[in-house]
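Asker: got a sequence here, can you model it:
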Amino acid sequence: MGVAERSFRIEGATGPVPGVAWLPPGAGGLVLLGHGGSGDKRSPRIVELATWFAANGLAAAAIDGPYHGERVPAPVPAPEYQARMVADGIDDVLDRMTADWLAVVRHLGFARVGYLGVSLGTRFGLPLAAALGDRLHCAVLGKFGLRQHPAMPAGLATPDRAVREARAITASVLFHVQWDDEIFPRDGQLALFDALGASGKQLIAYAGGHGVTPPGAVEHWRTFVHRHLGEEG
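Answerer: Residues are numbered from 1 along each chain as shown. Model (predicted):
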């Protein structure tokens, strides 16, 4: 049998949660994939990662974030979805997305879980990783920090909450920094890395701005997750 790719729609915190899962036979762990801003559950990188994990024995799942993908009738530009999140209250948005992800974990029924998501994927990944507790075996986070560019809406900033959640994460973490990030300044990213409670945390850094992701970085993400989730126990 090959990999089963299955779309699903489950009931979440405030309505249906549209998602997709890649399920290889005998998978012992599940990788949750958080897309970036203006992306969705079937963004090319999400599909590429999910396909690689499934080919290497791990299930993968992705869902659309708030005001992304099938949660909206048409694509929403970044300034608009950011404004909507501020209007909703960013803490409520984070709590709802965390509840949606936890509903997916229950729906798919895996005890061993990993998470991979940078930028917007880390904004939503921090509270999820903290909430998963011992179920989380590893996470890839980054391109996000405790400070943001002044042009971003001030209502999106949650530095105190991010620190609390980072401290609660004890699973192994790989943290990706773009050294010249123009959206999340380097010092704020390094401060977030420092706050992580994981004893097995690692940092990788690459030259370039926020939108740059060298191919070697993606390979590093994949092998990190596979080493901690696919080859343990």
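
Asker: output the below-cut-off pLDDT ranges for the chain.
Answerer: Low-confidence segments of the chain, defined by pLDDT under 70: 1, 231-233.

Asker: which residues of it fall in helices?
Answerer: Ranges of helices in the chain, per DSSP state H, are 44-55, 78-88, 90-108, 120-132, 159-168, 186-195, 215-225.

Asker: list the contacts of the residue nearest to A99 when sequence neighbours are not counted.
Answerer: Residue nearest to A99 in three dimensions, not counting chain neighbours: A13, with 3.9 Å by Cβ to Cβ, 6 or more residues apart in numbering. C-beta here means a position set from N, CA and C on the backbone, and glycine is covered the same way. Listed by Cβ atoms under 8 Å, 6 or more residues apart in numbering, the contact set of A13 reads 95-96, 99-100, 103.

Asker: weed out the non-buried ones from these.
Answerer: 96, 99-100, 103 (16 or more other Cβ atoms under 10 Å).

Asker: distance of the spatially most central residue of the chain relative to P25?
Answerer: Nearest residue to the geometric centre of the chain (Cα atoms, centre = their mean): G117, 2.9 Å. Distance, G117 to P25, using Cβ to Cβ, to the nearest Å: 26 Å.

Asker: go on, R135?
Answerer: 22 Å.

Asker: settle it for me: which of the two has more neighbours?
Answerer: Remark: of R135 and P25, R135 carries more neighbours, 16 against 10, as counted by other Cβ atoms under 10 Å.

Asker: tell me the contacts of that one?
Answerer: Taking Cβ under 8 Å, 6+ apart as the test, what R135 contacts is 105, 111-113.

Asker: again with T158
Answerer: With Cβ under 8 Å, 6+ apart, T158 has these contacts: 90-91, 94.

Asker: separation between it and V118?
Answerer: 17 Å.

Asker: next one: M152
Answerer: 16 Å.

Asker: which one's more surrounded, these two?
Answerer: V118 (25 against 16).

Asker: for that one, give me its contacts.
Answerer: 34, 36, 140-144, 176, 213.

Asker: among the contacts of A13, which pair sits farthest apart?
Answerer: D95 and A103 (12.8 Å; Cβ to Cβ).

Asker: between the helices of the chain, which gets nearest to V3?
Answerer: That would be helix 44-55 among these, by Cβ to Cβ, at 4.4 Å.

Asker: residues near G197, how many?
Answerer: With other Cβ under 10 Å as criterion, G197 counts 14.

Asker: hang on, isn't it packed against R164?
Answerer: No: counting by Cβ atoms under 8 Å, G197 stays clear of R164, with 10.1 Å between them.

Asker: check the helices of the chain for me and report the most buried one.
Answerer: helix 120-132 (a mean of 25; mean count of other Cβ atoms under 10 Å).

Asker: was I right to think S38 contacts P77?
Answerer: Yes: in this structure, S38 is within contact of P77 by Cβ under 8 Å, at 7.3 Å.

Asker: comparing these two, which residue is more hemmed in?
Answerer: S38 (15 against 9).

Asker: show the contacting residues for that one.
Answerer: 68, 75, 77-78, 81.

Asker: dump those to a markdown table, plus distance to H220.
Answerer: Output for the contacts of S38, formatted as a markdown table (distance: Cβ to Cβ, whole Å):
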| residue | distance to H220 |
| --- | --- |
| H68 | 26 |
| P75 | 30 |
| P77 | 31 |
| A78 | 27 |
| Y81 | 29 |
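
Asker: those residues: which two are farthest apart?
Answerer: H68 and P77 (11.3 Å).

Asker: tell me the gap between stretch 29-38 and the middle of its chain.
Answerer: 5 Å (Cα atoms, centre = their mean, to the nearest Å).
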